[in-house]
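Novice: Output the structure for:
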Amino acid sequence: MASIVTFFVCNSILFSNNYSPLKTKFLLFLLIVQFNCIHLFSQTINSGLQPSFLVDPFFGVERGNVLCGVSLPFSMLRLSPNVLDMNNTTGYTTGNRIGGFSHTHTSGTGGSARYGNLMTIPIAGRPTMDFYAVQSSNEFAKAGYYAVTLHRKPGDCTAELTSTEHVGMHRYKFFNWSGVVNFESSILLDVAHVLKRPKDKNAYCREAFVKIVSDTEIEGYGEYQGGWGGNNPYKIYFTAKFSKPVKDAGIWKDSSFLNNLKTDTLANSRVARRFGVWTVFDVQQNEEILVKLSISLLNNEKARENQKEINDWDFYHVRMNADSVWNQYLSKISIEGGTPEQQIMFYSGLRNTLLMPTDISGENPKWKTTAPSFWEHYAIWDVFRSVMPLHTLLFPDKQRKILLSLLDIYDNKGWLPDAWISGEYAMIQGGTNADVVFADAVVKNLGGFDINKAYKALLKNAETVSDNPEVKGRDLLLYNQLGYCPAGKVYRSVSRTLEYAYNDYCIAQVAKKLDKNQDVEKYLKRSMGSFMLFHQDYKFFLAKDEKGKWDLASLPIYKQEKEYSDAPWYYEGDAWVYSTYTPHAIRKLINLHGGNQAFVNHLDSMFHGGKFNLGNEPLMLVPYLYSFAGRYDKTAETVRSILNIQYRPGRKGIPGQDDSGAMSSWYVWSTLGIFPIAGQDIYLIGSPVFKKSVMKLENGKTFTIVANNVSEKNKYIVSVKLNGKEYNDSYIKHNDIMSGSVLEFQMSDKPSNWSNNSKIPSIE
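Specialist: Now for the predicted structure:
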């Protein structure tokens, strides 16, 4: 137990934004102590230590834009610090001055800022305009808990945060630098607050209302708009309660603190940027004041009802409950072995996959429904490849509810969404990838939804020309005529062709389940249209115009100053990025390259020629494609290299924007040793990092992966047994997992011929 306490103490100092000379002097010593503590509890994780203890919410907060604050899995409330010169999506950047703590955020996303609403600002003194964005220290976070000390004249405030589904709980402890026993402290609530960058002119609070109900309670709402996904407004209602009666309170507008007003409405925040309530309390040194702020998307009555999720002022109890909820999710997988850092990154990454989308079930303000409701799909394009297959395996009931919510959107708005933000469609980044999500559920027999209704929605994607293909449906007019999207007529013509083709393949899988044989043949044929853009000489998928003429300007151009050239023919990548994007027909692609060795050479050019960086989702499957060409050993080498180089412990540990947990999920899958092909019922075998992993399945069975003799050097599989029998395929099927099997690897530091003759299912 002492070692665990030491670990927490070390972390609270090491995560501090500001190091004093004393802290700096002992830094090396603390690092050594921390490593030994981690090593101790990493050996005992399967002997009662909960996985939430291994979660580092700061993993990926920088490059990955990961939320470092508190929430429960998929919860509507995400309470987190906001800083000056903020990250454009989370409102947070390491080391920057903290302004306060707002209750709504996203995690891992890009684009213009959204949310950051209802920001509390604690002050060890009366409210002044000198309060905003102050230095901090002693920053610390675990799953469901965040703490930091704010240094703002005339004193310090230690802020601690935890939450339930709809309630953020704050504990503020005030200290006056002068040493006086009794003094005044304040808590402000900025209802008009939104996250925004200087160029985000459309992100603002449209309207707000506040009411001081009593000396311990305030309520109101804010209506906001702007951010990635469109300017559609959204409204958030709140109720806030204090553990101690206020001494004084009033309305706050910009730099004015009004004493007499107890109720006010902000009609246009372009006149007043900040608006809310200020409160003052008489406190003593280190006295605690707690705040419970609940939210609702419906009305203030529902916000008051949600407040009942916390019936007392026991902060520790709420924090432990949050920890317990996280453990219910995280304990679906237990791991043994690996380094302490790998275990921390594993559970931190798994946590990141559970932050979005937002479960607003029972609070849909757009239409009345009894179906589950989920917002903040940022977007399905980001998560269909690896996040949703992970949820299907580990959290199938949650995935079923997400599918039901997608069908509910289809019922009420006419189309399945790709991006769905604040109750409206947002930009489609690729194809209609809900097609892949439903196919994945069908081929894996997930159940729980109306497959015929789903198929009807998929057919609409495939056959109905959308009036706005940038946000719903597909740009089909020429795709269905030509078999591909022509350059000059369809934006991102190549990447959309490739994605539409795979969408069609997935529709064929659902048709097969429904015994619609003519449709199966039709959509399988359409799925091969992607090869109409394969240039046999250059071996890339390149742009063609409407008359079939090649646009060779779409040939890949790698630029050192940018990750990839982002041309009008591709999305978040170039021809290199999309050169292998035929998940259903890798064998045909290999044949077009001239055989296995030629395809291996192409992959080698990507990985050894500076053409690959796992910063965006279309590249996720590429490291595993060597196995299709009979070179599992290169799959093992490449996957391990990415795990060791592009993922690192700490705040910059993720190779790109986490995109709702997508990059984190790649780490989770790859360290386990398998990776899904979404829309198909197979998982490709990679190179496991842990000596043993056990997944708890919904049917009460377990799927166990054992890697004998695994180490950093021993990354090659030389033999495999499935349930004790010799196994030579470099993939495993979903039914084998769900049957409750044991997949046992024998690892070595030298490649072998294992699986070189394996034939992974693929169209030839």
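
Novice: Distance check, the residue sitting nearest the centre point of the chain against Pro751.
Specialist: Centre of the chain computed as the mean C-alpha position; nearest residue by CA atoms, centre = their mean is Ser660, 1.8 Å away. Per CB to CB, to the nearest Å, Ser660 is found 36 Å from Pro751. For every residue, glycine as well, the C-beta is placed using N, CA and C.

Novice: Ala141 now?
Specialist: Taken as CB to CB, the span from Ala141 to Pro751 is 41 Å.

Novice: which of these two has more neighbours?
Specialist: Neighbour count, other CB atoms under 10 Å: between Ala141 and Pro751, Ala141 has more, with 24 against 17.

Novice: doesn't Pro357 make contact with the residue nearest to the centre of the chain?
Specialist: Yes - contact status for Ser660 versus Pro357: in contact at 7.1 Å, counting by CB atoms under 8 Å.

Novice: Now for these two: what residues contact both?
Specialist: Taking CB atoms under 8 Å, 6 or more residues apart in numbering as the contact rule, Ser660 and Pro357 both touch Glu376, His377, Tyr378.

Novice: where exactly do the helices run in the stretch 201-350 of the chain?
Specialist: 300-306, 315-330, 340-352 (DSSP state H, counting those that start in this stretch).

Novice: Please identify which of those helices is closest to Leu482.
Specialist: helix 340-352 (40.4 Å; CB to CB).

Novice: List the neighbouring strands of whichever helix or strand comes after the closest one plus their orientation.
Specialist: Next helix or strand after helix 340-352 toward the C-terminus (DSSP states H and E): strand 358-359. Here strand 358-359 is paired, per DSSP bridges, with strand 374-375 (antiparallel).

Novice: which strands and helices sit next to the very next helix or strand once past the partner strand?
Specialist: Next in sequence after strand 374-375, counting helices and strands by DSSP H and E, comes helix 380-383. With contacts defined as 3 or more CB pairs under 8 Å, 6 or more residues apart in numbering; DSSP states H and E, helix 380-383 has these neighbours: helix 662-672.

Novice: how far is the helix it packs on from where the chain is centred?
Specialist: 12 Å (CA atoms, centre = their mean, to the nearest Å).

Novice: Could you check how far stretch 608-625 is from the centre of its chain?
Specialist: For stretch 608-625 - counting by CA atoms, centre = their mean - the centre lies 19 Å from the chain centre.

Novice: for that stretch, which positions count as buried?
Specialist: By 16 or more other CB atoms under 10 Å, the buried positions in stretch 608-625 come out as 611-612, 614-625.

Novice: Which ones among those residues map onto helices?
Specialist: Cross-referencing these against helices under DSSP state H gives no overlap.

Novice: Go through those and name the one nearest Lys153.
Specialist: Nearest member of those to Lys153, counting by CB to CB, is Gly615, at 42.0 Å.

Novice: I figured the closest one hits Asp659, correct?
Specialist: No - judged on CB under 8 Å, Gly615 makes no contact with Asp659 at a distance of 9.9 Å.

Novice: tally of neighbours for Gly686?
Specialist: 26.

Novice: Asp467 too?
Specialist: 8.

Novice: wait, Tyr146 sits on Ser80?
Specialist: Yes - between Tyr146 and Ser80 there is a contact at 7.1 Å, judged by CB under 8 Å.

Novice: Compare the two (neighbour count), which wins?
Specialist: For Tyr146 and Ser80, the more surrounded residue by other CB under 10 Å is Ser80, and the numbers stand at 26 against 23.
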